[in-house]
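1. Could you look at this predicted model? Sequence included:
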Amino acid sequence: NRIAIFASGSGSNFQAILDACREGRLDATPALLICDKPGAYAVERAERAGVQAISFVPKEYGDKAAYENAVLHQLQEHKIDFIVLAGYMRLIGPTLLSAYKNRIVNIHPSLLPAFPGLDAIGQALDYGVKVTGITIHFVDEGMDTGPIIEQVAIEVAEDETRESLQKKIQAIEHIFYPKTLHQLFLNKGEKIIR
Ligand code: GRF
């Protein structure tokens, strides 16, 4: 499977995916990084790993469809099979959704459907939940909706801080994103039923 990773920020999940591919734990070719924030650290990670990175500035396009058509053109040029969202801070629109139906995956730092959207970790802490976690799911037109592929629960400690919780969540994400993608590709993109 040739995958394109979409990232807007630091790209630590992107890095975990690159490492897993290199080490043979994830049977996929990370062919492309798509970034909507030209200065993002994810771009540097791609360059270091010899993965082609393409940065877009969405507001340079007339509308979302024009932006996504430009992205889609690159995905087709690079014969991309799957889109993997890793901290991509933008809703996927109809152009990409219809071209990659059931072939776009996202990771979110909460147990969905709890705490979708921005700052899921802060939302969970403010709410005072005792258990939170991560969700890996197929992307549909909603914000952090779509069929769930995998979830992992994480306990919130008595003295939990945003920093400590974020650290725990990231560590779990870095293990489970590559692992779940590997399983998904073994299943030829069919949702894992268990
Ligand atoms: C992760 O927590 C992921 O769940 C969320 O955005 C964050 C991205 O972090 N969608 P990074 O850029 O991979 O470090």
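-> Cool, got the structure. Numbers count the residues shown, from 1 in each chain.
2. Show me which positions of the top helix by length along the chain end up buried.
-> Ordering each helix of the chain by length in residues (DSSP state H) puts helix 162-186 first. Residues 165, 168-170, 172-174, 176-182, 184-185 are the ones in helix 162-186 that count as buried (16 or more other CB atoms under 10 Å). Just so you know, the C-beta spots here come from the backbone N, C-alpha and C atoms, and that holds for glycine as well.
3. so the nearest residue to residue 8 once chain neighbours are set aside, which of the three states?
-> Spatial nearest neighbour of residue 8, excluding adjacent residues (CB to CB, 6 or more residues apart in numbering): residue 89 at 4.3 Å. What DSSP: H, G, I helix; E, B strand; the rest coil gives for residue 89 is coil.
4. Pretty sure residue 89 sits against residue 7.
-> No: checked against CB atoms under 8 Å, the pair residue 89 and residue 7 is beyond contact range at 9.0 Å.
5. These two: who's more crowded?
-> Between residue 89 and residue 7, counted using other CB atoms under 10 Å, the more crowded position is residue 7 (29 against 12).
6. Who are the contact partners of the more buried one?
-> By CB atoms under 8 Å, 6 or more residues apart in numbering, residue 7 lies in contact with 13, 14, 33, 34, 35, 40, 42, 85, 86, 87, 88.
7. ok, now which ones touch the last one?
-> For residue 88, the contacting residues are 6, 7, 8, 34, 36, 106, taking CB under 8 Å, 6+ apart as the criterion.
8. any idea what sits nearest it, other than its immediate chain neighbours?
-> residue 6 is the one closest to residue 88 (CB to CB, 6+ apart), at 3.9 Å.
9. Right, and the ligand sits closest to which residue of the protein?
-> The nearest approach of the chain to the ligand comes at residue 87, 2.7 Å away (CB to the nearest ligand atom).
10. Just give me the neighbour total for that residue.
-> For residue 87, the neighbour count with other CB under 10 Å is 20.
11. who touches the residue nearest to residue 8 in this structure?
-> So residue 89 contacts 8, 9, 36 (CB under 8 Å, 6+ apart).
12. Hmm, the second one is touching residue 36, no?
-> No: taking CB under 8 Å as the definition, residue 9 is not a contact partner of residue 36, at 10.1 Å.
13. which residue ranges form the helices in this protein?
-> Under DSSP H, the chain gives helices at 12-22, 41-49, 64-77, 94-99, 120-127, 162-186.
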